[in-house]
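Novice: I would like to see how this sequence folds:
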Amino acid sequence: MRLLTHNMLSCNIKGVVNGFPLQLEVERCTVKEVAFNPDFLRNIFPKIEWKALHDAASQMGVTELPERADPSMLDSDDFLRKFHHALLELHLEEGALLCPETGRRFPVTKGIPNMLLHEDEV
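Specialist: Next up, the predicted model:
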């Protein structure tokens, strides 16, 4: 699961108010090269919750992202490459996503998050 996907997921258990961002429980992560596309990064940047991306990347051992980011940074090739790496090349292969409100654990197996809810959570 890429951090792009992680940045779009939230806990949808009935009654949960604060289901984003999901915390990562990392057992195994990998890096998979992806073609660098600065235009894609500039277009997706406004849709990214930066703190969630920064924290998730840190949990996966990537610490070179700045704590805060603004659109002016999109002119920097160095920033774009770090953003690209964290967003698109880091993959959570095995682990879990944890709801920040309930602590509910959603397993990630072979890079696929299982976000299915139990009957009493719908």
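Novice: Could you give me the buried positions within stretch 60-67?
Specialist: For stretch 60-67, the neighbour count (16 or more other CB atoms under 10 Å) marks M60, V62, L65 as buried. For glycine as for every other residue, the C-beta is placed from the backbone atoms N, C-alpha and C.
Novice: right, I mislabeled it, should have said stretch 15-29
Specialist: Taking 16+ other CB under 10 Å as the criterion, stretch 15-29 shows V16, G19, P21, L22, L24, E25, C29 as buried.
Novice: Just the ones of those residues in strands?
Specialist: L24, E25, C29 (DSSP state E).
Novice: Which of those lies at the shortest distance from P107?
Specialist: Nearest to P107, judged by CB to CB, of those is E25 at 9.1 Å.
Novice: What sits closest to the closest one if chain neighbours are left out?
Specialist: A96 (4.1 Å; CB to CB, 6 or more residues apart in numbering).
Novice: can you map out the helices along this protein?
Specialist: Assigned by DSSP state H, the helices in the chain fall at 3-6, 38-44, 50-59, 77-84.
Novice: Out of these, which gets nearest to E121?
Specialist: helix 3-6 (20.1 Å).
Novice: Okay, buried residues for that closest one please.
Specialist: L3, H6.
Novice: could you give me the average pLDDT of it?
Specialist: Averaged across helix 3-6, pLDDT comes to 98.
Novice: how near is V16 to V122?
Specialist: For V16, the distance to V122 equals 12 Å [CB to CB, to the nearest Å].
Novice: Likewise for K47?
Specialist: 27 Å.
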